[in-house]
Structure formats: structure tokens, C-alpha cells
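Trainee: sequence first, predicted coordinates after that:
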Amino acid sequence: MASQPTPPTTADLRRRTGDLAAFAGVQEVVLKNGREEGVRALILRNAVGLEIEVLIDRAFDLGGARFRGVPFGWRSGNGFRHPGLHESDAEDGLSWLRALDGLLVTGGLDHALFGGEYDATHYAYPPKQTVRHGLHGRLTAIPARLLRVEEDWQESGGTLRVVGEVIQATSFGEHLRLTRTIEIDMFGATVRVRDVVDNLGFEPTPHMFLYHLNIGYPFVDEGTVLVAPITEHIWASESTMQQGVTYDTLPAPVDGFVEQVWEHGLVAGTDGRHRVALHASDGARGIEVSWDAAAQPYFFEWQNLRAGQYAVGLEPSSTPVTGESAARENGSLTWLAHGESRSYDMTIQLLDGEQDVSASGARIRGIGGQPAGAAS
């Protein structure tokens, strides 16, 4: 692969246009029509063809995502529904599946994974002895408050940066805040997500946090492989024993495929980060994801390979797949005191061509191998 040309300087670009927005910038829009009517969004677009949508009114999550015109963020068919349409307690807690769409859907802030009924006496409100949570919590349907939009042009390159705040609160219950920063560089192929969750309330509050990062076609396709420094398969859904689909190599879409979920034990790199990647079968494209291993030590792989759905979810999590009940029982559940916080970050790197994919493989293999059956 030929070496990449040196990006022009900002001064070079200013001599060639009256508006730097011709090359990169942030645009605020309001989605119109149907289920998405009224949803505010930000479109971040840089000078090498990376474009992402930040859904302000859906917890500052990531919607559509493209690189040089090619989508990599999954679309489920649900659309980016207005939060007013969401019923978090409906369908026995599975209504979250009606909001599942786009590149990033975050689980939290006080609950993630499958739902249930849990003790709430720590909130000291006698009529509320328990609280019910649905799948992946309430965060998804809460609109954010837009705090900042920055187009930070430097002499060489620069950064597009947006910051939002989501408050999840109820009287006599949780009062948690998510402050999220999303960045892309003017000439880069990387998306950076940085999050801080803190407790604004005065009662100790459970906290769980999960990134549901959803990759779609053509970055997910027949022969795509998962590359990760895996020590063991800690847990797998029953469906993984019945369909003949391995964790590491994907088939073409399958009619009626039952979702498969794996929890993989990962080795962290010397930088304290976990790294996993999806590589296309021809080595021409891929995506590498990294995150702080201490903040989110657990990793799930979600294979939704059903025709008409077809996606892979890469899911760093603060809590193992056994969920809140087990974490309460064994004492591992995170509780935030008043003013206490937790920080998270995730980097999504687009791999453009054989050289990038090869370097990604070497980077991950340098940390550790993975169980037999994986691609070499």
C-alpha cells in the first residue's frame, strides 16, 4: 500500500477556500418525519471522509457512521426514534430493543444487561421498596443537553469536539450524570469517546456501564474475523452450541439466526487497554476498538447474524455478563457515593487497506493469542 500523503496545513487550506467547512466541520440538524421527528443531532465530518452522527436526544450516542462514503455503523430498522415514543418498562423490560439502532447504544447508568427487580431501600422512600429495570437500563431514551461544539483548527490538523450532558434522575431515587465528549481529528480515521459518570444525589447509588458498539455491513460480512487476545471463553449463550457458528469467523446472513453472546476473557496491553478488531476476509478493511481495561474489564461479543439484522456488537462492560443480581450477591456491584465518579473511554479506529489491517493484527497478537479455531 502506498504511503499516505502529508495532510495540508490550515494555512494551505485557507488559501484554497473561503470556508474551512468545505473540508471539515460540525453541523447541527433536526431529524424530520416519522419516528425520528424532532430528534436533534450533530454531524461531525472530517477532511478524509470520516462522518459520524451524534444523537443529542438519544443520550449523546452515535447513530449513522461512514468512512469515505461506506457505512460502518449498523442500522437495525428501528430508526432513531424520538425518546417520547419509548416506554422503558414495557414488553417485560425488552422495549429497549425498539430503540436499538446505530453505531453506539450505551447501557446504564444504574443498570445494564438483562433486567429484573432489585432492592431499593437504600433510597429511604417507604413506598419504593424495590426498583424494576429493563434490558440495559433507562439511559437510551434520555435527551442530552448540548454543552459545547468546538472546531479546533490547528496549524497542522486539529480536532472536532462535541460535549454533552445526560441526567438520569427521579425523586427518591438515582440522580446520576453522564458527561460525554466525542472527538474526531481533522485528518484522522479515529473516533474517541470519553465519559464521566458521577452521582449528584446524596444516597449511595448502583452504577453499571456498557458500550454496545454495533458494526454492520460491509465491515461485517462473510469471512470477517474477530481478532482479540482471548485467554478463555468465560460464558456463552445456549445458542452457541446449536448453530455451528464460531465466535471468530462470520458466515453470510442466516434466516432465523438466534443471537449468540460470548463473554471473552481478555489480556490488557502494556498501556492498560483492551484491544479487539474485526478484519475483513480479504484484509482490505477493518475496525479496531480499544478501551480502559481497569474501568471496563469485561467484554462481550454479540453476534446478530440474522438476515435483515446482520451485525456484530463489541461490548466493553463494567460488570460481567451474570449481571446485577450476581454482582449484588457477591459484593462486586459498583456503588457511587455523593460526588463520586467513574471515568471511561473508548477509541474506534478505522483500518483502511492491507497495511492498516496487518498492523492491527500485529498489535493485538503482540498482546496475546486466542483459542484454537481462530484465524491465523
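Mentor: Nice, thanks for sending it over.
Trainee: hey, let's count contacts and neighbours off CA atoms from now on
Mentor: Fine.
Trainee: list the neighbouring strands of the helix or strand hosting Val261 plus their orientation.
Mentor: Using DSSP states H and E, Val261 sits in strand 260-266. Sheet pairing of strand 260-266 (DSSP bridges) gives strand 230-236 (antiparallel), strand 298-304 (antiparallel).
Trainee: to Leu200, which of those lies closest?
Mentor: strand 298-304 (26.2 Å; CA to CA).
Trainee: roughly how far out does the closest one sit from the chain middle?
Mentor: 12 Å (CA atoms, centre = their mean, to the nearest Å).
Trainee: downstream of that strand, the next helix or strand is which one?
Mentor: By DSSP H and E, the next helix or strand past strand 298-304 is strand 311-317.
Trainee: who touches that next one?
Mentor: Applying CA atoms under 8 Å, 6 or more residues apart in numbering, the external contacts of strand 311-317 come out as 74, 208-217, 220, 291, 296-305.
Trainee: run the chain-centre distance for it.
Mentor: 7 Å.
Trainee: tell me the angle that strand makes with strand 298-304.
Mentor: Strand 311-317 runs at 160 degrees relative to strand 298-304, counting by axes from the mean of the first three to the mean of the last three CA atoms, to 10 degrees.
Trainee: any idea of the mean pLDDT for strand 311-317?
Mentor: In this model, strand 311-317 has an average pLDDT of 98.
Trainee: cool, and stretch 177-186?
Mentor: Rounded mean pLDDT across stretch 177-186 is 98.
Trainee: where exactly do the helices run in the stretch 1-150 of the chain?
Mentor: Here the stretch 1-150 of the chain has its helices, by DSSP state H, counting those that start in this stretch, at 10-14.
Trainee: cool, the stretch 201-350 of the chain as well?
Mentor: 323-330.
Trainee: got the contact list for the strand holding Val261?
Mentor: Residues from elsewhere that reach strand 260-266, judged by CA under 8 Å, 6+ apart: 228-240, 247, 274, 298-304, 320-321.
Trainee: just give the nearest non-adjacent residue to Arg161, would you?
Mentor: Glu183 (4.5 Å; CA to CA, 6 or more residues apart in numbering).
Trainee: mind listing what the helix or strand containing the one you found pairs with, with the direction of each?
Mentor: Per DSSP H and E: Glu183 is located in strand 175-185. Take DSSP bridges as the rule and strand 175-185 pairs in its sheet with strand 158-169 (antiparallel), strand 190-199 (antiparallel).
Trainee: show residues contacting it.
Mentor: Contacts of strand 175-185 with the rest of the structure, by CA under 8 Å, 6+ apart, involve 44, 46, 60, 109-110, 157-169, 190-201.
Trainee: quick one: low-confidence parts of the stretch 101-250 of the chain?
Mentor: Within the stretch 101-250 of the chain, the set of residues satisfying pLDDT under 70 is empty.
Trainee: please, where are all the strands along it?
Mentor: Assigned by DSSP state E, counting those that start in this stretch, the strands in the stretch 101-250 of the chain fall at 104-107, 116-119, 130-133, 145-153, 158-169, 175-185, 190-199, 205-207, 210-215, 225-227, 230-236.
Trainee: so what secondary structure elements neighbour the fourth one?
Mentor: Under the contact criterion of 3 or more CA pairs under 8 Å, 6 or more residues apart in numbering; DSSP states H and E, the helices and strands touching strand 145-153 comprise strand 25-30, strand 158-169.
Trainee: make a markdown table from those and add mean neighbour count to it.
Mentor: What follows is the helices and strands packed on strand 145-153, written out as a markdown table (neighbours: other CA atoms under 10 Å):
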| stretch | mean neighbour count |
| --- | --- |
| strand 25-30 | 16 |
| strand 158-169 | 20 |
